[in-house]
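Colleague: Got a predicted structure here, sequence first:
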Amino acid sequence: MPTFDRSFVVQLAERYRNWGRWGPDDELGTLNFITPETVREASKLIREGKVFSLAIDFNSNGPQRQSHYTRRFNPVHTMLRTGADALASAEGGEPPLMAGSDDMVCMPLQCATQWDSLAHIFYKGIMYNGRSAGLVTAQGAAKNSIDKMRDHIVGRAVLLDIACWKGVPWLEPGTAIYPEDLDACLRHQGVQVRRGDFLLIRTGHITLCRKRGDWGDYAGGDAPGLSLLTIPWIYEKEVASVCSDTWGVEVRPNEVPDVRQPWHVVAIPNMGLLVGEIFDLDALAEDRARDGRYEMFFCAPPLPITGAVGSPVNPQAIK
């Protein structure tokens, strides 16, 4: 796998930057490629009414290993009141006519299947559309927060099953995916990418974790993923979003030794690309083997948490 230097990251960032493309006030980035017409066309892909959740379970058995860098941990689910409480409050041996249960979850918003907002990554102290990183404070993101996308994440999705195309159950960690791989996979599948699409890139990394019965170093460790060289391809295709079944979409170890997540550095703060991570694409891939369909209707709105820089999500692919 080739390695690049910091100057290459800067070149990509400046060449494939969308600042100002949709005006100085824009906070949607590549979601602007989605139009009412693309949504209407995508809805025609619903034929069977078959729905697939692309989320992993949100529980204490998730992939997070409390990285010092991200400080993420798995969800902590706590009951506030239970059925046992209701039974304990029985008067005269009879449970109350009406009782209920409540619970809460404590978790980082990006600990499982999730969206990265355009305030999530900074480039030289700047986030998408030329805004200062200083706009993200202890009170949250004053600009580019995930809630701005609450009614925009819907349209046509295309599954690129890279693992299947290569004839393997999963790509080995550290395997880079290049533009020619994306093109060849699409040709093999007989499907095209259109403006405003959501790309669902399956590497089989979650399949590997299931096979070995443990997440291991899934969160933050070596992984297959997109090369920096896919940036021009994504830019020219004018897609709305790129999602994958890995922790960070891009290949790890990273291709730039002294830049952490260099693909992110170009894609999010410069291009304004919506990025989805930890998407479980296995069931969708299995169903594709049944019907041969790689395109589908897609809907995955974030939780409209004011000022948040990411959001947990339960993406829905509908055929």
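Modeller: Yes, it's here. Since this is a predicted model, take the numbers as computed values, not measurements. Residues are numbered from 1 along each chain as shown.

Colleague: okay, CA-based contacts and neighbour counts for the rest of this
Modeller: Noted.

Colleague: so what's residue 141 up against?
Modeller: Residue 141 makes contact with 119, 135, 307-309, according to CA atoms under 8 Å, 6 or more residues apart in numbering.

Colleague: repeat for residue 151
Modeller: Counting by CA under 8 Å, 6+ apart, residue 151 touches residue 301.

Colleague: Same question for residue 195.
Modeller: 33-34, 237-240.

Colleague: Can you name every helix or strand that the longest strand belonging to the chain contacts?
Modeller: Criterion DSSP state E: the longest strand present in the chain is strand 154-161. Applying 3 or more CA pairs under 8 Å, 6 or more residues apart in numbering; DSSP states H and E, one finds that strand 154-161 contacts helix 36-43, helix 179-189, strand 198-202, strand 295-299.

Colleague: tilt between it and helix 179-189?
Modeller: When axes from the mean of the first three to the mean of the last three CA atoms, to 10 degrees is applied, the directions of strand 154-161 and helix 179-189 differ by 100 degrees.

Colleague: what packs against the helix or strand just after strand 154-161?
Modeller: Counting by DSSP states H and E, the next helix or strand C-terminal to strand 154-161 is helix 162-165. Counting contacts by 3+ CA pairs under 8 Å, 6+ apart, helix 162-165 packs against helix 179-189, strand 198-202.

Colleague: Run me through the strand neighbours of the longest strand of the chain, direction for each.
Modeller: strand 198-202 (parallel), strand 295-299 (antiparallel) (DSSP bridges).

Colleague: deepest of those strands, which one?
Modeller: Compared across these, strand 198-202 shows the largest average neighbour count, a mean of 26 (mean count of other CA atoms under 10 Å).

Colleague: Keeping just the C-alphas, turn that strand into PDB.
Modeller: Extracted in PDB, the C-alpha atoms of strand 198-202 (Å, rounded to 0.1, in the frame of the first residue of the first chain):
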ATOM      1  CA  PHE A 198     -25.700   7.300  -0.500                       C
ATOM      2  CA  LEU A 199     -22.900   4.800  -1.000                       C
ATOM      3  CA  LEU A 200     -22.900   1.700   1.300                       C
ATOM      4  CA  ILE A 201     -19.400   0.200   1.100                       C
ATOM      5  CA  ARG A 202     -19.200  -3.300   2.500                       C
END
